[in-house]
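Q: Any chance you can model this:
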Amino acid sequence: MKQDKSAILLAWYDRHHRDLPWRISPAAAKDGAVPDPYHIWMSEVMLQQTTVAAVKAYFAKFISRWPTVTDLAKAPNEDVMAAWAGLGYYARARNLKKCAEAVAFEHGGTFPDTEEGLRALPGIGDYTSAAIAAIAFNRPSAVMDGNVERVISRLFAIDAPLPGSKPQMKAKVADLTPTDRPGDFAQAMMDLGATICTPKRPACALCPFNGDCLALATDDPERFPVKAAKKAKPVRLGAAFIAVDRDGRLLLRKRVDSGLLGGMTEVPTTAWTSRQDGETGVDAAPFPAAWQPAGAISHVFTHFELRLSIFRAGPIDIPPGDHGFWVPVIELDGEALPTVMKKAIVAAIPTAFPTPKG
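A: Numbering: from 1, shown residues only. Take a look at the predicted model:
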């Protein structure tokens with residue numbers, strides 16, 4: 001049964017695989033092409049909590065600018081964070097740099113080729129180590145992302161809710177993973193979940209597993225995977241201050257390297273966190289000026305929603321001093337500004353960026 005299912009899926013993958021910039025196609029693999037572990041690692045880190053469509057441009061930018069892991073390791077932190085800006089989940093960018101340094105300076109520029117060795121690197125956990133081991137090194141690792149969870153839960157009609165059912169699902173994936181072409185099998189499972197076994201309206205008639213799928217035979221595939229009830233996200237409040245000087249420069253500052261948005265650039269804000277509100281009024285401004293209300297923005301993080309009251313002042317003559325540094329508004333694209341900060345700036349200066357999404 002294991003060989004039957006994996007062979008069926010691989011035959012489907014050979015015909016219907018997605019063409020992705022970091023991927024070696026089955027035809028290219030037959031001609032002797034092998035995956036680049038640097039590319040596989042980079043794509044897997046970027047794809048965490050992010051769509052393929054969003055990642056493609058960032059992947060191309062990073063690989064063009066830093067063609068090897070050693071190039072990335074030697075890059076200034078500020079450049080890496082600025083290149084990552086907008087992709088979200090910024091701890092990934094910090095760990096990307098740390099991992100590149102570990103591979104370049106502790107492993108001679110060569111990635112470990114086992115799950116255990118990969119897990120020892122900064123920012124690489126169970127899923128990423130399994131994915132790199134399988135795809136880059138053809139190790140028979142059980143790879144399970146959200147797409148694979150959906151396929152497996154439907155294929156076996158697993159009623160236990162996530163996240164508690166993950167061990168059961170992973171055992172099923174391990175049982176199905178072949179020793180031959182495990183990397184292609186992992187990518188085939190991901191492609192199947194992304195293109196056929198979708199969350200809503202799955203194209204069951206086109207699925208290579210439709211003859212074996214218990215959810216299709218006995219239930220409603222859209223009911224799977226079963227998930228525990230979500231808790232409402234808390235809402236946090238704060239304020240952001242947009243100061244512009246007479247030369248058309250915006251006051252920015254750098255966040256501390258650790259924690260939420262660590263190491264990124266921001267406009268001055270109050271002391272909000274994921275656990276507590278910050279001050280929301282003009283009295284919390286970083287220095288006296290003719291601050292005027294400029295609306296409000298909201299931004300949804302993984303675990304909470306942030307709502308910021310926006311205030312603008314300018315043109316002003318006050319030097320930044322200990323408050324930060326000035327950057328011309330027309331040069332903001334070169335700064336490591338996360339999306340929430342771009343939203344705050346656009347609220348006060350609508351022409352600063354195209355309206356950021358998210």
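Q: What residues does residue 216 make contact with?
A: 154, 204, 207, 210 (C-beta atoms under 8 Å, 6 or more residues apart in numbering). For every residue, glycine as well, the C-beta is placed using N, CA and C.
Q: for residue 219, that is, sorry about that
A: In this structure, residue 219 makes contact with residue 157, judged by C-beta under 8 Å, 6+ apart.
Q: which of the contacts of residue 216 has the most neighbours?
A: Of all these, residue 154 has the most neighbours under the rule other C-beta atoms under 10 Å, reaching 26 neighbours.
Q: Am I right that that one sits in a strand?
A: No - note on residue 154: no strand contains this position according to DSSP: H, G, I helix; E, B strand; the rest coil, which reports helix.
Q: Measure how buried the closest residue to it other than its chain neighbours is and give me the count.
A: Counting by C-beta to C-beta, 6 or more residues apart in numbering, the nearest residue to residue 154 once its immediate chain neighbours are dropped is residue 215, at 3.9 Å. Burial measure for residue 215: 22 neighbouring residues, criterion other C-beta under 10 Å.
Q: for residue 215, what are its contacts?
A: Shown in contact with residue 215 (C-beta under 8 Å, 6+ apart): 153-155, 157, 221, 223-224.
Q: thinking again about what came up before, any chance of the contacts of residue 216 in TSV with distance to residue 347 as columns?
A: Formatted as TSV, the entries for the contacts of residue 216 read as follows, by distance: C-beta to C-beta, whole Å:
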residue	distance to residue 347
154	43
204	45
207	45
210	49
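Q: could those residues be laid out in JSON lines, adding distance to residue 242, pLDDT and secondary structure?
A: Putting the contacts of residue 216 into JSON lines (distance: C-beta to C-beta, whole Å; pLDDT from 0 to 100; DSSP: H, G, I helix; E, B strand; the rest coil) gives the following:
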{"residue": "154", "distance to residue 242": "48", "pLDDT": "98", "secondary structure": "helix"}
{"residue": "204", "distance to residue 242": "51", "pLDDT": "97", "secondary structure": "helix"}
{"residue": "207", "distance to residue 242": "51", "pLDDT": "98", "secondary structure": "coil"}
{"residue": "210", "distance to residue 242": "55", "pLDDT": "95", "secondary structure": "coil"}
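Q: ok, so of those residues, who is nearest residue 349?
A: The shortest distance between residue 349 and any of those, using C-beta to C-beta, involves residue 154 and amounts to 47.8 Å.
Q: In contact with the closest one, which residues are there?
A: Taking C-beta under 8 Å, 6+ apart as the definition of contact, the neighbours of residue 154 are 197, 202, 213-216, 221, 224-225.
Q: Ok, residue 26 next?
A: Counting by C-beta under 8 Å, 6+ apart, residue 26 touches 13-14, 17, 184.
Q: Just the buried residues from those residues, in ChimeraX please.
A: Selecting just the buried residues from the contacts of residue 26 in ChimeraX takes one command, with 16 or more other C-beta atoms under 10 Å as the test:
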select :13,17,184
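Q: Nearest to residue 274 among the contacts of residue 216?
A: Of all the contacts of residue 216, residue 274 sits closest to residue 154, with 33.6 Å by C-beta to C-beta.
Q: What residues does residue 92 make contact with?
A: Residues in contact with residue 92 (C-beta under 8 Å, 6+ apart) are 45-46, 48, 84, 123.
Q: Checking the nearest residue to residue 47 once chain neighbours are set aside next. Helix, strand or coil?
A: The spatially closest residue to residue 47, leaving aside those adjacent along the chain, is residue 55, at 5.5 Å (C-beta to C-beta, 6+ apart). Classification of residue 55 into helix, strand or coil gives helix, according to three-state DSSP.
Q: contacting residues around residue 55?
A: Shown in contact with residue 55 (C-beta under 8 Å, 6+ apart): 43, 46-47, 87.
Q: same check, this time on residue 83
A: By C-beta under 8 Å, 6+ apart, residue 83 lies in contact with 58, 61-62, 65.
Q: ok, back up a step: for residue 94, state which of the contacts of residue 92 is nearest.
A: When those are compared for distance to residue 94, the smallest value, 7.9 Å, is given by residue 123; criterion: C-beta to C-beta.
Q: Out of the contacts of residue 92, list just those in strands.
A: Members of these lying in strands (criterion: DSSP state E): none.
Q: just curious, which of those is nearest to residue 233?
A: Distance from residue 233 was checked for each of these by C-beta to C-beta. The minimum falls on residue 48, at 19.4 Å.
Q: returning to what we had before: now the buried members of the contacts of residue 83.
A: The neighbour-count test (16+ other C-beta under 10 Å) applied to the contacts of residue 83 identifies 58, 62 as buried.
Q: what ranges do the helices span in the stretch 201-350 of the chain?
A: Counting by DSSP state H, counting those that start in this stretch, the stretch 201-350 of the chain has these helices, from start to end: 214-218, 339-348.
Q: what does the average pLDDT come to for the shortest one?
A: Helix 214-218 carries an average pLDDT of 96.
Q: Residue 227 - nearest residue in space that isn't next to it in sequence?
A: The shortest distance from residue 227 to any non-neighbouring residue, by C-beta to C-beta, 6+ apart, is to residue 162 (5.1 Å).
Q: Quick one: neighbours of that neighbour, just the number.
A: The number of residues packed around residue 162, counting by other C-beta under 10 Å, is 16.
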